[in-house]
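>>> Provide a 3D model corresponding to the input given below.
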Amino acid sequence: MDSPNRLFNRQRTVHEILGGGLVADVMLWRRGNLTMGILLVTLAAWVVFEKSGYTLLSLVSSVLLLLIVILFLWAKSAAILNRPAPPLPELLLSEEMVNQAGAFVRCHVNGLLSAFQDIALGKDTRLFFEVAAYLLLISVVGGLTDFLTLGYTSLVLILTVPALYERYEDYVDSYIIIGCRKMQQLYVEFDSKFVNRIRNWIVERKKLS
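Residues are numbered from 1 along each chain as shown. Now for the predicted structure:
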């Protein structure tokens, strides 16, 4: 963990880079029971949607129907038998919660609209290529798999790759650094053997013309 050879010469640990909070604990298996629970629940949801033929809308409708039937019968039987009603909390959104949610949505939507405007007007070429590359990648991946499988696979990668990297980061960093150095050497050799020759040939052609 104290090796000086770190990617990008970073000084912080993986846990600190991920925020150092609950999310980092879950991703790095510091709270193994919670991480395992998330994986099992997600796997169960994937099996239900993928293998049973249920869609999200049909499953939510069925669960809500079952819930309201149980609560309705409970309330009616409680009234007849002089029993307490179902212990439901007050279902009410406060004005503060609505304002906070609206401000959050407005901020992010305005950011997306501003980025779209910059791309549409040609003001940010780098952003255009980044967005185009991401959209192309999503299109290719979406053509290879469905959304549920992609979501489950992504979650599994998020909950396994950082933990494995943290465990073997000394080896991973050293191999990646060695690989980058070799790639740089190959680039220098390629540049000196081919690119410089082409550049010199172009210069000579210009002189002759």
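>>> lowest-confidence helix or strand of this structure?
Least confident helix or strand of the chain, by mean pLDDT, DSSP states H and E, is helix 196-208 with a mean of 74.
>>> packing partners for that one?
Using 3 or more Cβ pairs under 8 Å, 6 or more residues apart in numbering; DSSP states H and E as the contact test, no helix or strand touches helix 196-208. Backbone N, C-alpha and C define where each C-beta goes, glycine included.
>>> just checking, what packs against the helix or strand hosting Leu65?
Leu65 is located in helix 56-80, with elements delineated by DSSP states H and E. Applying 3+ Cβ pairs under 8 Å, 6+ apart, one finds that helix 56-80 makes contact with helix 32-51.
>>> torsion angles phi and psi at Ala85?
Main-chain torsions, Ala85, degrees, to the nearest 10: phi -70, psi 170.
>>> is it true that it touches Leu73?
No. Applying Cβ atoms under 8 Å as the test, Ala85 and Leu73 come out as separate, 12.0 Å apart.
>>> I'd like the next helix or strand past the helix holding Leu65.
Next element after helix 56-80 (DSSP H and E): helix 95-120.
>>> and the angle for the helix or strand that comes right after that next one with helix 95-120?
Using DSSP H and E, the helix or strand that directly follows helix 95-120 along the chain is helix 125-144. Per axes from the mean of the first three to the mean of the last three Cα atoms, to 10 degrees, the angle that helix 125-144 makes with helix 95-120 is 100 degrees.
>>> can you list the residues that contact helix 125-144?
Ala115, Asp118, Ile119, Gly122, Leu150 (Cβ atoms under 8 Å, 6 or more residues apart in numbering).
>>> what about the closest residue to the third one other than its chain neighbours, how many neighbours?
Meaning Ile119. Using Cβ to Cβ, 6 or more residues apart in numbering and skipping the chain neighbours, the partner closest in space to Ile119 is Phe128 (4.8 Å). Applying other Cβ atoms under 10 Å, we find 15 residues neighbouring Phe128.
>>> and Phe128, how far from Trp29?
Distance of Phe128 to Trp29, given as Cβ to Cβ, to the nearest Å: 39 Å.
>>> pLDDT weak spots in the chain?
1-9, 195, 208-209 (pLDDT under 70).
>>> show the end-to-end separation of stretch 47-56, please.
One end of stretch 47-56 to the other measures 12 Å (Cα to Cα, to the nearest Å).
>>> run the chain-centre distance for that stretch.
Centre-to-centre, stretch 47-56 and its host chain are 23 Å apart (Cα atoms, centre = their mean, to the nearest Å).
>>> got a list of contacts for that stretch?
Counting by Cβ under 8 Å, 6+ apart, Leu59, Ser62, Asp146, Leu148, Thr149 sit against stretch 47-56.
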